[in-house]
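A.B. asks: pasting the sequence and the predicted model now:
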Amino acid sequence: MTNAPSANISPGPVWALFSPIGRIGREPYWLCFALVWVVIAISVNMWWSSTEIDFTAESVAISQFMESNPLFPILFFVLQWIELALVIKRLQDMGFSGFWALLIFVPGLNILMVLIVGFTPGVAEPNKHGPLPNSYWRKS
């Protein structure tokens with residue numbers, strides 16, 4: 001008889017978006033990233049249509065965007081957390097330490113990191129982060 005902890009093999013969307021614990025497959029990874037990009041697009045579109053000054057895309061500074069609504073910094077902090085949690089879970093699905101996810105904070109390397117972890121297949125067998133993709137070990 002093994003002393004393996006029980007597994008949660010059907011976690012919900014809150015786990016998929018916010019928790020860095022466990023493993024996540026490529027399809028849910030890209031679906032979650034699509035959701036993040038849709039939220040960003042909607043917030044930018046709402047801001048763009050609510051401005052009274054006629055900006056061109058080249059003349060807009062990120063500081064103008066962030067200062068225009070006090071909720072934008074909070075929104076982008078939450079979206080950055082979601083990105084970090086997703087990359088950590090993909091790395092753990094591939095058998096690597098989630099520590100490597102800190103590379104998403106390096107400009108230029110972040111896009112490459114998101115693409116590499118998004119297209120590299122995970123480990124088929126159970127590892128220390130979970131029994132299957134889209135799952136995690138429960139603490140006893």
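C.D. replies: Ah, there it is.
A.B. asks: and the longest helix for this structure?
C.D. replies: Across the chain, the longest stretch assigned as helix under DSSP state H is helix 26-50.
A.B. asks: so which residues of this protein form helices?
C.D. replies: Going by DSSP H, the chain shows helices at 13-18, 26-50, 62-68, 71-93, 109-119.
A.B. asks: wait, what's in contact with the most centrally placed residue in the chain?
C.D. replies: The residue lying closest to the centre of the chain (CA atoms, centre = their mean) is Glu83, at 2.3 Å. Counting by CB atoms under 8 Å, 6 or more residues apart in numbering, Glu83 touches Phe33, Val36, Ile104, Val114. C-beta coordinates here come from the backbone N, C-alpha and C atoms, glycine included.
A.B. asks: show me what contacts the last one?
C.D. replies: By that I understand Val114. Phe33, Glu83, Val87, Ile104.
A.B. asks: could these be laid out in TSV, adding pLDDT and distance to Ile42?
C.D. replies: As requested, these are arranged in TSV below (pLDDT from 0 to 100; distance: CB to CB, whole Å):
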residue	pLDDT	distance to Ile42
Phe33	95	15
Glu83	95	17
Val87	96	23
Ile104	94	22
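A.B. asks: what's the closest of the residues you listed to Asn45?
C.D. replies: Closest approach to Asn45 among the contacts of Val114 (CB to CB): Phe33, at 18.4 Å.
A.B. asks: give me the distance between Leu71 and Phe77.
C.D. replies: Using CB to CB, to the nearest Å, Leu71 is found at 10 Å from Phe77.
A.B. asks: er, Ser97 I mean
C.D. replies: Ser97 is 24 Å from Phe77, by CB to CB.
A.B. asks: could you list the low-pLDDT ranges of the chain?
C.D. replies: Residue ranges of the chain with pLDDT under 70: 1-5, 9, 52-60, 65, 139-140.
A.B. asks: hmm, try it at 80
C.D. replies: Across the chain, the ranges flagged by pLDDT under 80 are 1-11, 47-48, 50-70, 135-140.
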